[in-house]
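**Q** I'd like to go over a predicted model; first the sequence, then the structure.
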2 protein chains.
Amino acid sequence: MTESAPHSTGARKLPTPVAAAIDRAESLLQGQGLRLTPVRRRTLEILLETPGALGAYDVLARLAADGFGSQPPVAYRALDFLVEHGLVHRLRRINAFTACSHPGEHHHAAFLICRNCKRVEEVHAEHLRATLVSDARRAGFEVERTSLEASGLCPDCREGAIPDGAAT
Amino acid sequence: MTESAPHSTGARKLPTPVAAAIDRAESLLQGQGLRLTPVRRRTLEILLETPGALGAYDVLARLAADGFGSQPPVAYRALDFLVEHGLVHRLRRINAFTACSHPGEHHHAAFLICRNCKRVEEVHAEHLRATLVSDARRAGFEVERTSLEASGLCPDCREGAIPDGAAT
DNA sequence: TGTTGACATGTGATAATATAACTTTTAGGT
DNA sequence: ACCTAAAAGTTATATTATCACATGTCAACA
Ligand SMILES: [Zn+2]
Ligand SMILES: [Zn+2]
Ligand SMILES: [Zn+2]
Ligand SMILES: [Zn+2]
């Protein structure tokens, strides 16, 4: 129900990147006694198949089209689960979700969101996070979670791009 | 309509911190040919009077109570204007707004948001921003705006605090 | 094997956040 | 006084997110 990407090599055993990511996700979860149920699996696939980020309702529409429930909690529950277990990230600047590009590595990431084509790049941000945590500690504040996001223009969109608009 | 904070010294000329901030804001705007109209002024006051952050609808309710319009665009327009001109920051993790604590200095800030008491601390983040911008440039991405936010526990809330919950 | 309990899913209703489109008012310049 | 542009008001609607409760699935185990 989710095949695509034929190869020029006769080899048709090679899993697509999406399938590989799903397998990896499944192992990760099983190692923690958690289940990648059908809705969750399909939700992750949907995000993996998408270059940019998707809103919860975009995900929901695709899930419903595949025969899953069509009410918001269906999408939000799957998304929340995947976020909680590090397979998906939530982008607060744009109220959207994107598949993690290196799951299972217990990482902290920052996100570069193209305002033109909506593509999202996940970059490592251990150092950013560490700096923020230590700045915070200096103020007596104990950091639990962070949102490190930037919007701007991706490499492909930098030419012929419209200026900008409002503030930070 | 917005007085409070009596002093023990007989001096009653000293402006409150809020009034001072309003004056500063007004000068800053006038210097750019912009107007701090009544709704905008009151909106800024409301945020300045609040230790934490307020949602747009909280602001709206207060504005309406003061005789301004009671429909969402009234609040959103004032808030957007203030954000655009650096007097207010928008917190995307919590869909809320907070007065800038050092306006007019063309700064980039990060925000520490207490999940317990909702208080918000604004910290300088020129270095964080610079790091992110340069990490991004290395990926060919041109940063225009950033959201650097953390949630956790403020100094006052660290004792007797409930553990935590979900993921980043 | 049947019961039970935890987890997962489905659904309807509603809350919370945000914007669009249009009208009226206001502040300033001529 | 008249005109114009910006601001404020208002109605309606779009978008995002959660609550509450019913139903289904599955494995532990009596
Ligand atoms: Zn990731
Ligand atoms: Zn782009
Ligand atoms: Zn500030
Ligand atoms: Zn606190």
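**A** Yep, that arrived. Numbers count the residues shown, from 1 in each chain, chains lettered A, B, ... in the order given. Ligands and ions are numbered 1, 2, ... in the order given.

**Q** tell me, domain by domain, which residues of chain A belong where.
**A** A:1-104, A:107-168 (automatic domain parsing).

**Q** format these as CSV; extra columns: distance to ligand 4 and mean neighbour count.
**A** All C-beta atoms are positioned from the backbone trio N, CA, C, and that covers glycine. What follows is these, written out as CSV (distance: least, Cβ to the ion, whole Å; neighbours: other Cβ atoms under 10 Å in any protein chain shown):
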stretch, distance to ligand 4, mean neighbour count
domain A:1-104, 20, 16
domain A:107-168, 9, 17
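
**Q** in TSV, list the ones you listed along with mean pLDDT.
**A** Converted to TSV, the domains of chain A look like this (pLDDT from 0 to 100):
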stretch	mean pLDDT
domain A:1-104	90
domain A:107-168	90
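
**Q** in TSV: these, plus distance to ligand 1.
**A** As requested, these are exported to TSV (distance: least, Cβ to the ion, whole Å):
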stretch	distance to ligand 1
domain A:1-104	3
domain A:107-168	5
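
**Q** okay if I get those domains as CSV plus distance to residue B:71?
**A** Formatted as CSV, the domains of chain A follow (distance: least, Cβ to Cβ, whole Å):
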stretch, distance to residue B:71
domain A:1-104, 22
domain A:107-168, 21
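
**Q** out of the ones you listed, nearest to ligand 2?
**A** Of all these, domain A:107-168 sits nearest to ligand 2, with 3.2 Å by Cβ to the ion.

**Q** the closest one close to DNA strand C?
**A** No: Domain A:107-168 stays clear of DNA strand C (Cβ under 7 Å from any atom of the strand), getting no nearer than 9.8 Å.

**Q** ok, that domain near DNA strand D or not?
**A** No: judged by Cβ under 7 Å from any atom of the strand, domain A:107-168 stays clear of DNA strand D, getting no closer than 11.4 Å.

**Q** residue boundaries of the strands in chain A?
**A** A:88-91, A:96-99, A:109-114, A:120-124, A:142-153 (DSSP state E).

**Q** tabulate those in JSON lines, adding columns for distance to ligand 2.
**A** Shown next, in JSON lines, are the strands of chain A (distance: least, Cβ to the ion, whole Å):
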{"stretch": "strand A:88-91", "distance to ligand 2": "15"}
{"stretch": "strand A:96-99", "distance to ligand 2": "14"}
{"stretch": "strand A:109-114", "distance to ligand 2": "3"}
{"stretch": "strand A:120-124", "distance to ligand 2": "10"}
{"stretch": "strand A:142-153", "distance to ligand 2": "6"}
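
**Q** now stretch A:17-24, how far from the centre of its chain.
**A** 14 Å (Cα atoms, centre = their mean, to the nearest Å).

**Q** give me the contacts around that stretch.
**A** Outside stretch A:17-24, the residues within contact range by Cβ atoms under 8 Å, 6 or more residues apart in numbering or on different chains are A:2, A:15, A:36, A:41, A:44-45, A:48-49, A:99, A:103-104.
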